[in-house]
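Asker: Mind looking at a prediction? Sequence and model below.
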Amino acid sequence: MPPNSESFNLDELEAPSWMDAQYFRDVLRGHENDEGVEVIALKISPASGKGDHYASIMFRAAVEYKSEKGKFIKSLIIKTMPEKEGHKKELLEESHVFETEINMYAEMLPKFEEILRQTGDETSLYVPCIYYSMKPRQVMIFEDLVPQGYIVNRSGKPTIEEVHCAYTKLAKWHAVSLKLNKEQPLLMEKFKHSLMELPGIDKDPMFSTGMDYFLKLLDSMPDLKEYKPYFEKIRPNYLKHCINTFKEYRENPQEDAYYVLCHGDFHIRNMMFKHNKTSGALEDCMLLDFQMSYLGPMPNDIIYSIYNLLSSEQRQNQRDEIIYFYFSTLTDTLKKINYDGEMPSLVKFREQLFRHKYLEFFLLTTFMPLLLALRNGKYELSEMIENKHLRSTLYNEENYISEVRYNLKRYLHLGYFEDLQ
């Protein structure tokens with residue numbers, strides 16, 4: 001029976017022809033250093049649900065194989081570039097997303113874990129990549145986490161334990177990268193291709209048209225009209241300000257700013273959670289998808305995650321506690337790994353969160369309608385981007401309007417609308 005198109009991304013319903021038994025035989029021979037490996041049976045299916053990701057296509061391969069050691073079955077996850085024509089391929093084909101992620105797995109993440117291990121910290125920041133290539137095609141292959149008990153939370157409502165687990169790993173990651181960037185400033189220089197620096201991003205409809213829909217929403221709601229002048233004022237330049245935030249470390253570094261190797265796309269579907277089968281208690285989370293990792297302002301990951309990881313209730317009721325939890329874990333880790341720079345200050349960090357308010361404006365006006373729709377699993381991201389009518393209807397959803405009401409009042413009370421450019 002073919003995969004259900006209502007549950008999976010359309011471009012993952014059929015695997016590319018090159019993904020055959022011979023291909024996996026060669027991969028496993030290299031991984032196991034055994035030229036005697038032969039594939040007996042192969043079954044390929046989509047590896048992720050609709051809306052789980054965008055900057056790649058992913059498949060799950062159940063590979064039955066034999067060697068002199070016996071017969072085995074291994075479940076593998078294959079991540080590669082989209083081959084079908086369309087917005088996704090156009091956006092990504094000239095990008096550095098696979099080069100970035102391969103460098104993360106091959107160089108940086110092992111180094112991060114090595115530094116943590118030296119302090120007795122056994123935290124796992126990533127699942128090992130068993131194979132990667134850039135030519136003749138861009139591919140990465142991982143052992144499947146699902147048989148190990150990990151699942152994706154697609155509900156859009158992570159528990160506070162899941163949130164704390166995710167931020168614990170991010171805080172440790174940020175702490176190690178802060179230390180390395182101070183001690184070896186050239187080490188992470190290659191990580192400069194962020195989400196906001198994809199080729200032609202300022203003209204891509206996914207990024208450039210959100211404000212138009214948002215202004216129409218403000219104009220249609222009597223209680224929101226008072227905010228319209230603020231967003232009309234920033235409309236010509238807000239995306240440029242947002243992009244500059246991601247380039248800041250290289251082009252306009254600020255004194256006393258905290259720069260780290262950012263994850264770059266820290267949202268609920270870029271992590272998997274493992275719970276105890278008997279008690280249901282959370283045992284671990286695993287971070288995924290490092291295609292957008294870049295050296296930049298530490299607040300960017302936190303702001304992005306507030307809008308893309310937390311539930312509405314957590315955003316509105318637990319934001320400050322979550323930021324404090326993250327920051328406390330960061331400073332505790334810096335002490336344990338013998339960071340010899342000035343210890344980051346929560347006051348300064350909050351000042352930097354405020355300074356990057358244009359990223360918040362962008363996420364609220366452009367990403368959040370899409371994210372809320374993705375969480376109900378009804379539409380594909382490409383469908384929402386390419387269908388203008390469909391996208392416009394997302395701005396009228398009650399859950400989105402509720403978020404807008406809450407955030408605009410918050411922006412006003414925090415002074416976000418002062419000194420707009």
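Answerer: Sure thing, it's come through.
Asker: so where's this structure uncertain?
Answerer: Low-confidence segments of the chain (pLDDT under 70): 1-13, 48-55, 83-95.
Asker: can you map out the strands along it?
Answerer: With strands called from DSSP state E, the chain shows them at 38-46, 57-67, 70-80, 129-133, 139-143, 150-151, 259-262, 271-275, 282-287, 294-297.
Asker: The second one pairs with which strands?
Answerer: So that's strand 57-67. Applying DSSP bridges to the sheet, strand 57-67 is found paired with strand 38-46 (antiparallel), strand 70-80 (antiparallel).
Asker: Please convert those strands to JSON lines, extending it with mean neighbour count and distance to E122.
Answerer: Placement of C-beta: from N, CA and C, glycine included. As requested, these are arranged in JSON lines below (neighbours: other Cβ atoms under 10 Å; distance: least, Cβ to Cβ, whole Å):
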{"stretch": "strand 38-46", "mean neighbour count": "15", "distance to E122": "33"}
{"stretch": "strand 70-80", "mean neighbour count": "17", "distance to E122": "23"}
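Asker: Of the ones you listed, which is nearest K388?
Answerer: strand 38-46 (27.2 Å; Cβ to Cβ).
Asker: Show me how far that closest one is from its chain's centre.
Answerer: 29 Å (Cα atoms, centre = their mean, to the nearest Å).
Asker: got the CA positions of that strand in CSV?
Answerer: In CSV, the C-alpha atoms belonging to strand 38-46 read as follows (Å, rounded to 0.1, in the frame of the first residue of the first chain):
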residue,chain,number,x,y,z
GLU,A,38,25.0,-7.9,0.9
VAL,A,39,21.5,-6.5,1.0
ILE,A,40,18.7,-9.1,1.1
ALA,A,41,15.7,-6.9,1.2
LEU,A,42,14.9,-3.2,1.2
LYS,A,43,11.8,-1.2,2.0
ILE,A,44,11.7,2.6,1.7
SER,A,45,9.0,4.9,3.2
PRO,A,46,8.6,8.6,4.2
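Asker: just to revisit the earlier point, wait, which of the strands of the chain is closest to M384?
Answerer: Shortest distance between M384 and those, using Cβ to Cβ, is found for strand 57-67: 17.7 Å.
Asker: mind listing what's buried in the closest one?
Answerer: For strand 57-67, burial by neighbour count (16 or more other Cβ atoms under 10 Å) applies to 57-61, 63, 65.
Asker: the inter-axis angle of that strand versus strand 139-143?
Answerer: With axes from the mean of the first three to the mean of the last three Cα atoms, to 10 degrees as the basis, strand 57-67 and strand 139-143 are set at 60 degrees to each other.
Asker: Need the contact partners of strand 57-67.
Answerer: For strand 57-67, the external contacting residues (Cβ atoms under 8 Å, 6 or more residues apart in numbering) are 9, 11-12, 15, 19, 24-25, 28, 32, 34, 36-48, 52, 71-83, 144.
Asker: what about 7 Å?
Answerer: Residues outside strand 57-67 that contact it (Cβ atoms under 7 Å, 6 or more residues apart in numbering) are 11-12, 15, 19, 24, 28, 34, 36-48, 72-80, 82, 144.
Asker: Stretch 183-203 too?
Answerer: By Cβ under 7 Å, 6+ apart, stretch 183-203 touches 91, 94-96, 100, 103, 108, 177, 180-181, 207-208, 239, 242-243, 246-247, 250, 261, 264-265, 292-296.
Asker: Look up how far L381 lies from the nearest residue to L414 once chain neighbours are set aside.
Answerer: Among residues not flanking L414 along the chain, F354 sits closest, at 7.0 Å (Cβ to Cβ, 6 or more residues apart in numbering). Distance of F354 to L381, computed by Cβ to Cβ, to the nearest Å: 30 Å.
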